[in-house]
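Novice: predicted model, plus sequence, below.
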Amino acid sequence: MASSIENNNEKLTLKSSDGEEFLVEKHVALQSTLLQNMLDSDCSSADVIPLPKIDARTLALVLGYCKKHADASSSKQGELNSFDSEFLKDMDMGALFNLVLAANFMEIKGLLDIAAQKIADTIKDKPHQEVREIFHVENDYTPEEEAAVREENRWAFEGFP
Amino acid sequence: MEGSISSDDGRDDPDFGIICFCGEPAPLTKSETQKNPGRRFFGCTNYKYEPSIGQARSDLGPMRVQTKTKDLRTVEQWQSSDKNKKMKIIVSDSGTIMDRSIWRNLPPEIIDHVLPLLPVKSLCRFKCVSPSWNSLISSPHFAKTHHHITNNTPNKPQKTLLISSSSDLYSVDFAAVNPTAEKLDFALPVGDPTKPGPRLNRVHGWGSCNGLVLVSDEGMYLVPDGGVTYNLFLFNPFTTECKELPYSHVLDQCDLDNEGYHFIVNGLGYDSSTDDYKVVMLHSREIVDYNDSYILTSVAVYSLKTDAWRRIQDSCYKPVEHLYGVCFNERLHWLCRRTNASQVVVAFDLWDEIFTEVHLPTSLTSTEYYRFGYDLKMVSGSCLCLVVPPYKGGGIDVWMMMKYGVRESWTKFTIAHRMFLEDVLYLAAEEEFVLRMIEEVRQPSREKLIVYNPKNETLRDMVVCGIPTEYIVGGNYIETLVSPNH
């Protein structure tokens, strides 16, 4: 019943949340553990695999990453590392958040790791007020409570407003 | 927001689970097929495996999504079409998200995957973001996850705690290009004048584990009058959280008429079988019985979880020096002496709480030096190491047990250096040793630090800016959130 996936040149169609469809080679799709499990459990009999949580722009990025990693031979780790850092270089926080969500959903560990690390590197030296903005956290502290927590962690605030 | 942060991984949030193509939630399920027994996969309630071979699945319908193919674009086409566009979806120039509705419920995945990657200093600052961030970052579960990730990072920043003769604490990163001793803005609550009994106000280091450091305010012999004062502290030099351990009744055994023979050493380790930090205290004394004398060591184990000491079976090993138990492989190692005076390295298993002897290289145990020498140093990095000072004019021998518990795996490197070995300070991940040496030929004797790399047999001097003139080693530690108050 799943004879078609035995063929290595088999392509899959992935559909983003906003209705765009992407034709990808099977070996590229296999970078995603989610898709791999689907193929293994014969779910691929669907003509189009919808990914209702991932928009087209993010999916294009994700598949670009997968293609590079699927095509590169294992001996070219250095090349992949420089691709990874270039890949995320000028990406803004919103795009990174989308990438983390997509990589987490599609179970692409390498991409999840680098995107999460990129967010961590971006925020680690920011003041907490700015992090609050970026993550859209409501500040539920009273000024007194916040001052008390800050005092407990005084050492961590050296050089911060 | 708060709810999503405090939930473990968002699995209880239907909005972020895996959704089947049919639109139903698809929980993680285990395969029971003969082809893939035990394989985990996501499947919705419509997905039911028909065990009878050859029979078509009657309920596969909802899994199929029939869409007519139109305008299919490949990844390359997508990339090229987007290449010249600047990605600005929902984010303003200042980097903050404009469309609040999209991220109002920031998915827990973001928090779960990003926060554990942050350094401890950032995390302590971000406790001020909101009460829910504070409780997440302060939770033992998060500390464990964070430590696990830090520990598995290559080139993790490891620091060494030095304690000066005036009990000031210094932190040194020996792996830095220009190592500097930074004084910690933290004083241990030692020498509390309101407590009874004499205090020496001299801090002694008892080793470290996962970023926690164990110190006592009296490292040497017990003071015979005014009762026993011996206070142990467990603290995290990064977060400066500190806890004074309760009194150990193993100290009641002190026969104060015989104080010269009393000997107390400690060690700190982590027991993964119970997810607990344990402090082991050995209280040794030599009992003189008519013409015979024998060693009796009382052993007590402190558990951080229960915050209590337990006395366990006595042992016949007496530590030969006031050195902390070297932790490796969830065992604490001490150089000890048996009643018959021969030296052994003993391992205290933190799981079973029993002592075993470590098989040492035969060529080492056959030397007289080993039998009677007191200067063997132990250190743990990626393996258990023994550093043997020069013997009969030779160099310093560094023994490394490449495979734990296997006598044949001991490998020796010799450092041709004619100086007195005072201490081994540090063993880096690349197996570089930092040795504290004393040049005896000069008067007054001068101390220096050298770095030895056994792989390429290189030796170099190390200068540490701001290092105190007199100090002892408190232990090596990594940056963690692990708290002694959990």
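Specialist: Cool, the structure landed.
Novice: convert the C-alpha atoms of stretch B:170-188 to PDB, please.
Specialist: Only the C-alpha atoms of stretch B:170-188 are listed here, as PDB (Å, rounded to 0.1, in the frame of the first residue of the first chain):
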ATOM      1  CA  TYR B 170      38.300  33.900  45.000                       C
ATOM      2  CA  SER B 171      37.200  32.500  41.700                       C
ATOM      3  CA  VAL B 172      39.700  31.600  39.000                       C
ATOM      4  CA  ASP B 173      39.100  30.400  35.500                       C
ATOM      5  CA  PHE B 174      42.300  28.600  34.800                       C
ATOM      6  CA  ALA B 175      41.300  27.900  31.200                       C
ATOM      7  CA  ALA B 176      41.100  31.600  30.400                       C
ATOM      8  CA  VAL B 177      43.800  33.200  28.200                       C
ATOM      9  CA  ASN B 178      44.800  35.500  31.100                       C
ATOM     10  CA  PRO B 179      43.500  33.900  34.200                       C
ATOM     11  CA  THR B 180      42.500  36.300  36.900                       C
ATOM     12  CA  ALA B 181      41.500  35.700  40.500                       C
ATOM     13  CA  GLU B 182      38.200  37.500  41.100                       C
ATOM     14  CA  LYS B 183      37.300  38.100  44.700                       C
ATOM     15  CA  LEU B 184      33.700  37.000  45.400                       C
ATOM     16  CA  ASP B 185      31.400  39.600  46.900                       C
ATOM     17  CA  PHE B 186      30.300  37.000  49.500                       C
ATOM     18  CA  ALA B 187      31.400  36.100  52.900                       C
ATOM     19  CA  LEU B 188      30.700  32.800  54.500                       C
END
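Novice: what does that stretch rub up against?
Specialist: Residues outside stretch B:170-188 that contact it (C-beta atoms under 8 Å, 6 or more residues apart in numbering or on different chains): A:155, B:155, B:157-164, B:167-169, B:203, B:215, B:217, B:233, B:235, B:237, B:240, B:242, B:425-426, B:428-429, B:432, B:434, B:451, B:462-468, B:471. (Glycine included, C-beta is placed from N, CA and C.)
Novice: give me the mean pLDDT for that stretch.
Specialist: Averaged over stretch B:170-188, pLDDT sits at 83.
Novice: which parts of that stretch are buried?
Specialist: Neighbour-count burial for stretch B:170-188 flags B:Tyr170, B:Ser171, B:Val172, B:Asp173, B:Phe174, B:Ala175, B:Pro179, B:Ala181, B:Leu184, B:Leu188 (criterion: 16 or more other C-beta atoms under 10 Å in any protein chain shown).
Novice: rewinding a little: mind checking which of the contacts of stretch B:170-188 are buried?
Specialist: By neighbour count, with 16+ other C-beta under 10 Å, the contacts of stretch B:170-188 hold B:158-164, B:167-169, B:203, B:215, B:217, B:233, B:235, B:237, B:240, B:242, B:425-426, B:428, B:432, B:434, B:451, B:462, B:464, B:467-468, B:471 as buried.
Novice: which of those residues come close to chain A?
Specialist: The residues of those that also fall near chain A, by C-beta under 8 Å from any C-beta of the partner chain, are B:Thr240.
Novice: out of the buried ones among the contacts of stretch B:170-188, which are inside strands?
Specialist: Residues of those located in strands (DSSP state E): B:158-164, B:169, B:215, B:233, B:235, B:242, B:425-426, B:434, B:451, B:462, B:471.
Novice: residue ranges for the helices of the chain, please.
Specialist: I went with chain A, as the question did not name one. Using DSSP state H, the helices of chain A run over residues A:26-29, A:33-40, A:56-71, A:77-88, A:93-106, A:109-123, A:128-135, A:143-152.
Novice: the intended chain is chain B.
Specialist: Under DSSP H, chain B gives helices at B:2-6, B:75-82, B:100-103, B:108-114, B:120-126, B:131-138, B:140-151, B:362-365, B:368-372.
Novice: re the thing from before, so can I have a markdown table of the helices of chain A showing mean pLDDT?
Specialist: Formatted as a markdown table, the helices of chain A follow (pLDDT from 0 to 100):
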| stretch | mean pLDDT |
| --- | --- |
| helix A:26-29 | 88 |
| helix A:33-40 | 86 |
| helix A:56-71 | 91 |
| helix A:77-88 | 85 |
| helix A:93-106 | 90 |
| helix A:109-123 | 92 |
| helix A:128-135 | 90 |
| helix A:143-152 | 93 |
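Novice: got those helices as a markdown table, with distance to B:Val114 and mean neighbour count columns?
Specialist: Formatted as a markdown table, those follow (distance: least, C-beta to C-beta, whole Å; neighbours: other C-beta atoms under 10 Å in any protein chain shown):
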| stretch | distance to B:Val114 | mean neighbour count |
| --- | --- | --- |
| helix A:26-29 | 26 | 20 |
| helix A:33-40 | 20 | 18 |
| helix A:56-71 | 17 | 21 |
| helix A:77-88 | 13 | 14 |
| helix A:93-106 | 7 | 23 |
| helix A:109-123 | 5 | 19 |
| helix A:128-135 | 9 | 20 |
| helix A:143-152 | 20 | 14 |
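Novice: in TSV, list these along with distance to B:Met378.
Specialist: Shown next, in TSV, are the helices of chain A (distance: least, C-beta to C-beta, whole Å):
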stretch	distance to B:Met378
helix A:26-29	51
helix A:33-40	43
helix A:56-71	44
helix A:77-88	36
helix A:93-106	44
helix A:109-123	36
helix A:128-135	42
helix A:143-152	37
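Novice: do you know which of these lies nearest B:Cys385?
Specialist: Among those, the nearest to B:Cys385 by C-beta to C-beta is helix A:77-88 (30.7 Å).
Novice: just the CA atoms of the closest one, as PDB, please.
Specialist: Taking C-alpha atoms only, helix A:77-88 is exported to PDB below (Å, rounded to 0.1, in the frame of the first residue of the first chain):
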ATOM      1  CA  GLN A  77      30.600  19.400   9.400                       C
ATOM      2  CA  GLY A  78      32.500  22.700   9.200                       C
ATOM      3  CA  GLU A  79      30.600  23.800   6.200                       C
ATOM      4  CA  LEU A  80      27.300  23.000   7.900                       C
ATOM      5  CA  ASN A  81      28.300  24.900  11.000                       C
ATOM      6  CA  SER A  82      29.000  28.000   8.900                       C
ATOM      7  CA  PHE A  83      25.800  27.500   7.000                       C
ATOM      8  CA  ASP A  84      23.900  27.300  10.300                       C
ATOM      9  CA  SER A  85      25.400  30.500  11.700                       C
ATOM     10  CA  GLU A  86      24.800  32.300   8.300                       C
ATOM     11  CA  PHE A  87      21.300  30.900   8.100                       C
ATOM     12  CA  LEU A  88      20.200  32.600  11.400                       C
END
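Novice: near chain B at all, that helix?
Specialist: No: judged by C-beta under 8 Å from any C-beta, helix A:77-88 stays clear of chain B, getting no closer than 10.9 Å.
Novice: excluding its backbone neighbours, what's nearest A:Gly110?
Specialist: A:His69 (6.5 Å; C-beta to C-beta, 6 or more residues apart in numbering or on different chains).
Novice: tell me the buried residues in the lengthiest strand in chain B?
Specialist: Criterion DSSP E: the longest strand present in chain B is strand B:276-289. For strand B:276-289, a neighbour-count test (16+ other C-beta under 10 Å) marks B:Tyr277, B:Lys278, B:Val279, B:Val280, B:Met281, B:Leu282, B:His283, B:Ser284, B:Arg285, B:Glu286 as buried.
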